[in-house]
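Chemist: Test case, fold it:
(one chain, ligands or ions: 1)
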Amino acid sequence: MENHANSYVSACPVGCNTTLEDTAIQLAEGVLRRCTACGQLLSSASEARYTETMAQFNAADFNAPQGRELERRQAVARTRLARIATLLGKTPGNMHVVDVGCSRGQFVAAAIAAGYRAEGVEPAPRIAEAARADGVPVRSGLLEEQHFADSSLDALTLFEVIEHLRTPLPLLAECRRVLKPGGILLISTGNAASWTAAAMGAHWDYLDMERDGGHISFYNPRSMAKLAATAGFEVARIDTARVKFHDKENTPRWCYALGKLAAEILNLPARLSGRGHDMLAYLRKPSAG
Ligand SMILES: [Zn+2]
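Modeler: Next up, the predicted model:
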């Protein structure tokens, strides 16, 4: 066992009362650890290192895709919104959706364009300001600071947020409070039980704090379900999708092409077996809660 006295994360964040064990995966910040109960993987980074890598999220030009990448993301947003609408049995015009950690507000803008009532919440002040300058309704601060009324929202979304949180339960409690009974919380994050994570080991890019600032907590479908249960949500569905084995920049072209071919062949079985890289958890606030 390494000494983890300096580690920012000291316990499984989804409510397991078990100890953490060291894995064989060594990262720049120390050994990656695993919850023996739910398989959650946890960084050994210090709080100082965490804070330092999180700072990249406050640059006003951060995460502002254009052109075809923007169109692709808008199509993804519409698909996710349509799934939420189906789960709620509601039409877009009758849904109030709030995207928490909305960055530049592309999801919010796509939702509004598709006829939903939508707004965003973003803690990084310069990004929130940039989103508002683009005409997107974005509130600055944390969800807890917005004081939405009890049981007032149809849906909340947390895209690539939860892997940054040492203690996600207070945020999920606030989500549960402001959602209507039967309301949907959609969480997206990387799947630590994916074939991509297994094949890449320490080179899984999701583990790279330099590249993905502040990633400290890595979920799998089982730990996500446990998080939902601890926070008082039902699992409506957990989907995983996509296999990728190489970064285009760091790989010879022939090797990249071969990896890409293998990944495409494996996409469907990954999706069917819960081993895809991108995890989408649709959680529901119980109707009688
Ligand atoms: Zn656990």
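
Chemist: next structured bit after the lowest-mean-pLDDT helix or strand in the chain?
Modeler: Comparing every helix and strand of the chain by mean pLDDT, DSSP states H and E singles out helix 253-273 as the least confident one, with a mean of 84. The first helix or strand that comes after helix 253-273 along the chain, using DSSP states H and E, is strand 278-284.

Chemist: in its sheet, what does that next one sit against?
Modeler: strand 179-190 (antiparallel), strand 234-241 (antiparallel) (DSSP bridges).

Chemist: just these: most buried one?
Modeler: Sort the strands paired with strand 278-284 by mean neighbour count, taking mean count of other C-beta atoms under 10 Å, and strand 179-190 sits at the top with a mean of 22. Heads up, the C-betas are built off the backbone N, CA and C, glycines and all.

Chemist: got the contact list for that strand?
Modeler: Outside of strand 179-190, the residues that reach it under the criterion C-beta atoms under 8 Å, 6 or more residues apart in numbering are 80, 84, 87-88, 151-163, 172, 175-176, 197, 206, 218-219, 224, 233, 236, 277-289.

Chemist: just how off-centre is the helix or strand that comes right after that strand within its chain?
Modeler: Past strand 179-190, heading to the C-terminal end, the next element that is a helix or strand (DSSP H and E) is helix 195-200. Centre-to-centre, helix 195-200 and its host chain are 18 Å apart (C-alpha atoms, centre = their mean, to the nearest Å).

Chemist: Outside of helix 195-200 itself, which residues are in contact with it?
Modeler: Counting contacts by C-beta under 8 Å, 6+ apart, the residues outside helix 195-200 that touch it are 190-191, 204, 206, 218, 242-245, 266, 270, 275-277.

Chemist: 10 Å instead, please
Modeler: Counting by C-beta atoms under 10 Å, 6 or more residues apart in numbering, helix 195-200 makes contact with 25, 41, 190-192, 194, 204-207, 218, 220, 240, 242-247, 259, 262-263, 266, 269-270, 273, 275-278, all of which sit outside it.

Chemist: Now do the least confident helix or strand of the chain: which elements does it pack against?
Modeler: Helices and strands in packing contact with helix 253-273 are listed as helix 195-200, strand 234-241; criterion 3 or more C-beta pairs under 10 Å, 6 or more residues apart in numbering; DSSP states H and E.

Chemist: Which parts of this protein are helices?
Modeler: With DSSP state H as the criterion, the chain has helices at 47-54, 67-88, 106-113, 125-133, 169-178, 195-200, 221-230, 253-273.

Chemist: so which of the ones you listed gets nearest the ion?
Modeler: The minimum distance between the ion and these falls on helix 221-230, with 5.6 Å, by C-beta to the ion.

Chemist: Between strand 179-190 and that closest one, find me the angle.
Modeler: For the pair helix 221-230 and strand 179-190, the angle between their directions (axes from the mean of the first three to the mean of the last three C-alpha atoms, to 10 degrees) equals 160 degrees.

Chemist: Under the pLDDT cut-off, which ranges of the stretch 151-289 of the chain? List them.
Modeler: 246-250, 289 (pLDDT under 70).

Chemist: swap the cut-off to 80 and go again
Modeler: 245-256, 288-289 (pLDDT under 80).
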